[in-house]
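Asker: structure for this input, please:
(2 chains)
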There are 2 protein chains.
Amino acid sequence: MSVTSRLPEFLEKCERERDRAVDFWLQHSHDTEHGGFYVCLDRDGKVYDDTKYCWLQGRQVWMYCRLYNEVEKYHRQDVLQAAIAGGEFLMKHVKDPDTMKCSFAVTRDGRTVKVQRQPFSEVFYFLGLSELHRATGEAKYRDEALRMMDQLVHWMTVDDSGLGRPKWPGAPATDSMAVPMMLMCMIDQLETMDPTLADKYAELAKWCVQRLLLHIQRDGTVILEQVSPDGQELPGSQGRLQNPGHAIECSWFLLQYAVKHNRPDLKKTAINNFLLQPFESGWDNKHGGLFYFLDVDGFSPTQLEWNMKLWWPHNEALIAFLVAYKETKDEKMLEKFAQVFDYAFSHFVDPDHGEWYGYLSQQGEVTQRFKGGPFKGCFHVPRCLYMCTQILRELLTA
Amino acid sequence: MSVTSRLPEFLEKCERERDRAVDFWLQHSHDTEHGGFYVCLDRDGKVYDDTKYCWLQGRQVWMYCRLYNEVEKYHRQDVLQAAIAGGEFLMKHVKDPDTMKCSFAVTRDGRTVKVQRQPFSEVFYFLGLSELHRATGEAKYRDEALRMMDQLVHWMTVDDSGLGRPKWPGAPATDSMAVPMMLMCMIDQLETMDPTLADKYAELAKWCVQRLLLHIQRDGTVILEQVSPDGQELPGSQGRLQNPGHAIECSWFLLQYAVKHNRPDLKKTAINNFLLQPFESGWDNKHGGLFYFLDVDGFSPTQLEWNMKLWWPHNEALIAFLVAYKETKDEKMLEKFAQVFDYAFSHFVDPDHGEWYGYLSQQGEVTQRFKGGPFKGCFHVPRCLYMCTQILRELLTA
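Answerer: This next block holds a predicted model:
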């Protein structure tokens, strides 16, 4: 029987899990006194640490607003008000107005605990406020988002000295896949917020695609996480590192871009090099699930968690295979979707409480029982399931 | 049958594994061109990355010199010459002469790759050069060690602004157990290098003991890794963190101090609070071995590797129980030693190549096949087995 017969099941389960996840955050994460969100939530929603990790503050504002804007069920005042309280918290407490740097973590009442010398809190600050503008129409959120976009483009493409990262003589210049991937995501967000901005960022988007393609290495057989700025492999463990989930996440950004700009060559590259190859090499044939890190020459990665199964690569793979199926109608893509779906829904789902577990051992046992932590918030699970629900509904009504 | 009947077996196996470990490093880690040591060595000794991690450069100089100074078998020119080449590499490439900061990692030829805003590379720089003075009698190594000792005492007890760590308004002041523990270790090293220095550091050693005792929390039932400077429990996950291996490592520093200074009260505290309690709560009754991290209230630690079994806590436990047995003649201590010994020798030992594996899953499977990496070098395994061999020989000839 063709895997297409499972489309209704996929839709029903994705929508149900989407709602269980969103309800979990709506119920347990709101700080009604200070605004913003608790993110360190135990299995049942209990707050085990009230530190506010700021990647997750921006992401949750984005997620709530996207749901408010796109899903009728969540076009509600409680969702909007929590998003606004989150956006205000971000502007008031997370960003340093002088340097534009955002904290990585703040106390419950907004005092800085830690600042990273990477521009990631700022990316999610931008995403949150941009989508908040879409939800509210308020000019101040748009202005703030555009200011941060300019700043991020400057840091990422012109001069990163404002991030405070020291440059050591023995550290090779590196191009991390994260930078062009995030920029692509941000440009896509800007165009969603205001389609008239597409032209302004068209060249930058092309540049991002070029940077991402540099990560295809070894005659097209692998995606490496970091390469030299001129696209050469870097020496040592750093150079050999693969992060299959990251490559797969790139694949759907690239695929959407290729479809939008009618680039069949890039569509093929997105699917073959960034999706299928990393998926096949990253899948654990013994226990199922995607490894977190691999060394392309088969040495042990130095990251202790390399063999763990994290939730988010599976979220990215679900999105990527479903977008690939939608754009190609190749049933092989839907079969891979089903493979990831079956693993994810039988391992990450908690039957008792909403939102997925985030961290499993190689064997598939839950190693961290919490639903939210310093790097896991209201983002990957609801984003994936909201997107899959939308695409599956389109496929079924086509 | 009493566990004391196993003493000859323990000695024979510890000595054999000590020699297999030392031979591994002698054979595979020397950079005969630039000096210093390769540390990223695969299972069979192959270099998989030639980055020189500097904690491990200083530690290997210390280990080689200690073996040269204390073990007749290693009182050899090849051991000494490699140690000298390592010490010269440290002085020439690892330390910034202006700031006294040491790199965390350098390239093979000594260019800085990374500097930590913690004073740990500097601690091992001091240990290496101090023991190198003992081995060579050269004044320059002694002078350099004493200069670094003064600098470390300044950073650790007077003013740490030279480390470059930013102070954020929401980050609580914390006392990490690592600081007094390392200082105690350094004072012990200084006294070994030059017993006339004991008086100079007597007050500082007392201060270290006081700081360590602040980590006994919750009516003496737990050791917490970080507390406030006035000995209160910190909020959130950070405050609840336990690192059983660290507490156990402290126990033998404290125990040796208590014996040396005739402090029976402290001897009891070292054994009961820093050794037995962390060992019992840190031991995995299902699969054996010591957990890496625990949350004292039973939440999941946010560290992804919390449930892994690392080599070094087992090395510390072997030393601690054997010292405790030697100092108390309580057979219970030797029974615990046997428990750790049986786990360690059946899980970490590689029958084909020397030096132990470093990283196991909770179930006890090897997850990282390498023998050396960014945080594992020629230190914990040979130090433990050299110390245990010495103590066991004393016990058997007593």
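Asker: use CA for all of it now, contacts and neighbours both
Answerer: Will do.
Asker: quick one: end-to-end distance for stretch A:259-275.
Answerer: End-to-end distance of stretch A:259-275: 15 Å, with Cα to Cα, to the nearest Å as the criterion.
Asker: and that stretch, average pLDDT?
Answerer: Averaged over stretch A:259-275, pLDDT sits at 98.
Asker: same thing with stretch A:230-248?
Answerer: Mean pLDDT, stretch A:230-248: 98.
Asker: how near is the closest residue to A:Cys378 other than its chain neighbours to A:Tyr38?
Answerer: Once flanking residues are discounted, A:Cys378 sits nearest to A:Gln60: 5.2 Å by Cα to Cα, 6 or more residues apart in numbering or on different chains. Here A:Gln60 is placed at a distance of 10 Å from A:Tyr38 (Cα to Cα).
Asker: give me the more crowded residue out of these two.
Answerer: A:Gln60 (29 against 26; other Cα atoms under 10 Å in any protein chain shown).
Asker: now the helix or strand containing the more buried one - C-alpha only, CSV.
Answerer: Using DSSP states H and E, the element containing A:Gln60 is helix A:54-70. Taking C-alpha atoms only, helix A:54-70 is exported to CSV below (Å, rounded to 0.1, in the frame of the first residue of the first chain):
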residue,chain,number,x,y,z
CYS,A,54,16.8,34.6,25.7
TRP,A,55,17.0,32.6,22.5
LEU,A,56,13.8,31.0,23.7
GLN,A,57,12.1,34.3,24.7
GLY,A,58,12.5,35.6,21.1
ARG,A,59,11.5,32.2,19.6
GLN,A,60,8.3,32.0,21.8
VAL,A,61,7.2,35.5,20.8
TRP,A,62,7.7,34.4,17.2
MET,A,63,5.9,31.1,17.6
TYR,A,64,2.9,32.6,19.4
CYS,A,65,2.6,35.4,16.8
ARG,A,66,2.9,33.0,13.9
LEU,A,67,0.2,30.8,15.3
TYR,A,68,-1.9,33.9,16.0
ASN,A,69,-1.4,35.1,12.4
GLU,A,70,-1.8,31.8,10.6
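Asker: next secondary structure after it?
Answerer: That would be, after helix A:54-70 and using DSSP H and E, helix A:77-89.
Asker: can you dump the C-alpha atoms of the helix or strand hosting A:Gln27 in CSV for me?
Answerer: Applying DSSP H and E as the criterion places A:Gln27 in helix A:7-28. The C-alpha trace of helix A:7-28 is given here as CSV (Å, rounded to 0.1, in the frame of the first residue of the first chain):
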residue,chain,number,x,y,z
LEU,A,7,-1.6,11.3,4.9
PRO,A,8,-4.8,11.6,7.0
GLU,A,9,-3.2,9.8,9.9
PHE,A,10,-0.2,12.1,9.7
LEU,A,11,-2.4,15.2,9.7
GLU,A,12,-4.5,14.0,12.6
LYS,A,13,-1.5,13.2,14.7
CYS,A,14,0.5,16.3,13.8
GLU,A,15,-2.4,18.6,14.6
ARG,A,16,-3.1,16.8,17.9
GLU,A,17,0.5,17.0,19.0
ARG,A,18,0.8,20.6,17.9
ASP,A,19,-2.1,21.5,20.1
ARG,A,20,-0.8,19.5,23.1
ALA,A,21,2.6,21.3,22.7
VAL,A,22,1.1,24.8,22.4
ASP,A,23,-1.3,24.1,25.3
PHE,A,24,1.7,23.1,27.5
TRP,A,25,3.4,26.4,26.9
LEU,A,26,0.2,28.4,27.3
GLN,A,27,-0.5,26.8,30.6
HIS,A,28,2.9,26.7,32.2
